[in-house]
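Visitor: how would this look folded up:
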Amino acid sequence: MKERILVLIILAAAAVAQVPTSSFDDLSSRAQQAYDSNHLEEAAQLYADAVKLRPDWAQGWWAQGMIAYERDQYPECRDFLSRMVQLDSSAAPGFALLGLCEFRTKQYEQAFQHLKKGHMLVPVREGGGPLLDMADYHLALLLTRQGAFELAQEVLVRVALKVRDNPDMFVGAGLASLRMAILPDEVSPKQKDLVTMAGKTFWDLISQPPPEAEADFKALVSKYPKTPNVHYYYGTYLASHHPEECAREFLQELRISPDSVPARVQLVLRYIVDAKLTLALRYAREAVALSPESVGSQLALAETLRAQGRDEPALMAFLEAKRLDPVSPKIRLYLVNEYRSLGRIEDMRREQAEYERLKSEQQNWP
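Guide: Down below sits the predicted model:
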């Protein structure tokens, strides 16, 4: 008798367990059909019912997030995608969409971390599709807002190579190029033309033949000859394409913006190449005096001292740069070379190991 009761209990338990599975299959199928038919409200409810039966169904949370995003329900989208990425930490689209929702709700710090995560999950040589391109654009906006202008431009290059023509993105590219640490909706009406022109110039530099980008730069400088960072922007272009002409633009930038640290750093780099080390040291020391907490200033000073054969003082400047940016693989590599020059082999090996660790942790990051 006991055996029979036990068998009945087991059979009853099995029957109960089968009901949710059957109901889940039905709900998920109907939800997909409703979504495919653009019945978003019905699809949202069906997906909600389905994840109640199977809370670990990452695809269900993703679908709810997509529907909420399409309906401009950004807080709800954020909450759905937060659940999704907890279940699947390798889902680049999930982190991308989560970051976009957080951007919309003005949670910029969280948005930055999630957009960065989504970016790093996709190898540079692989296409991520329109969603990840849009996520990268917004990641660049947040880098610009932080003042990480060069990093923002590197991310934007990746976007522009795939999104060949999108005027809506020109403003974001213009802000990074002109070193304006604001978001597009903070651009004043008086600045809109300037920023758009700069952004179109950036986009053409990546996606159009060289003569078109050159014409864009000349038009920008001609129209805004006394605007801060216009000559600096043109100078960075010349540094890559006509290096012998770039110092002129950086010096012109200093006439407009006497306290410009970036212009000084760029002059240092040019003067090192030209073996004008006295001038390089002058501008490097000025950059450090103006902005001692600037990694670029410290690196400019370190490279100038190294070029002069003054390895001990150069090491001190490199170490200061490491203090300011302890997770930079590039700085560790500078230290590897400096310790090698000084014959400090153990220190060199330590920094080499740190370089390799940091490089591995920051795969697919500019």
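
Visitor: now the stretch 201-350 of the chain, which segments are flagged as low pLDDT?
Guide: The stretch 201-350 of the chain contains no residues with pLDDT under 70.

Visitor: Leaving out sequence neighbours, find the closest residue to L27.
Guide: Closest residue to L27 apart from its sequence neighbours, by C-beta to C-beta, 6 or more residues apart in numbering: A50 at 4.1 Å. C-beta coordinates here come from the backbone N, C-alpha and C atoms, glycine included.

Visitor: likewise A92?
Guide: If the residues on either side of it in the chain are set aside, A92 comes closest to L121, at 3.9 Å by C-beta to C-beta, 6+ apart.

Visitor: Show the contacting residues for that neighbour.
Guide: The neighbours of L121, taking C-beta atoms under 8 Å, 6 or more residues apart in numbering as the test, are 90-92, 95, 364.

Visitor: can you pull out the helices in the stretch 51-200 of the chain?
Guide: In the stretch 51-200 of the chain, the segments counted as helices under DSSP state H, counting those that start in this stretch are 58-70, 74-87, 92-104, 108-120, 129-146, 149-162, 170-177, 189-207.

Visitor: among the contacts of L121, who's most crowded?
Guide: Comparing these on neighbour count, F95 comes out first with 27 neighbours (neighbours: other C-beta atoms under 10 Å).

Visitor: My guess is it contacts M120. True?
Guide: No. Applying C-beta atoms under 8 Å, one finds F95 not in contact with M120, separated by 9.0 Å.

Visitor: which pair in the contacts of L121 spans the largest distance?
Guide: The largest distance within the contacts of L121, taken as C-beta to C-beta, falls between A91 and N364 and amounts to 15.2 Å.

Visitor: Tell me which of the helices of the stretch 51-200 of the chain lies nearest to Y224.
Guide: The minimum distance between Y224 and the helices of the stretch 51-200 of the chain falls on helix 189-207, with 5.6 Å, by C-beta to C-beta.

Visitor: in that closest one, what's buried?
Guide: Going by neighbour count (16 or more other C-beta atoms under 10 Å), the buried part of helix 189-207 is 191, 194-206.

Visitor: So what touches that helix?
Guide: Where contact means C-beta under 8 Å, 6+ apart, the residues beyond helix 189-207 that reach it are 153, 156-157, 160-161, 164-167, 169-178, 180, 187, 212-213, 216-217, 219-220, 223-224, 227, 230, 233, 237.

Visitor: Please work out how many residues are found near the nearest residue to P93 once chain neighbours are set aside.
Guide: The shortest distance from P93 to any residue that is not its chain neighbour, by C-beta to C-beta, 6+ apart, is 5.7 Å, and that residue is L131. L131 has 16 neighbours, counted by other C-beta under 10 Å.
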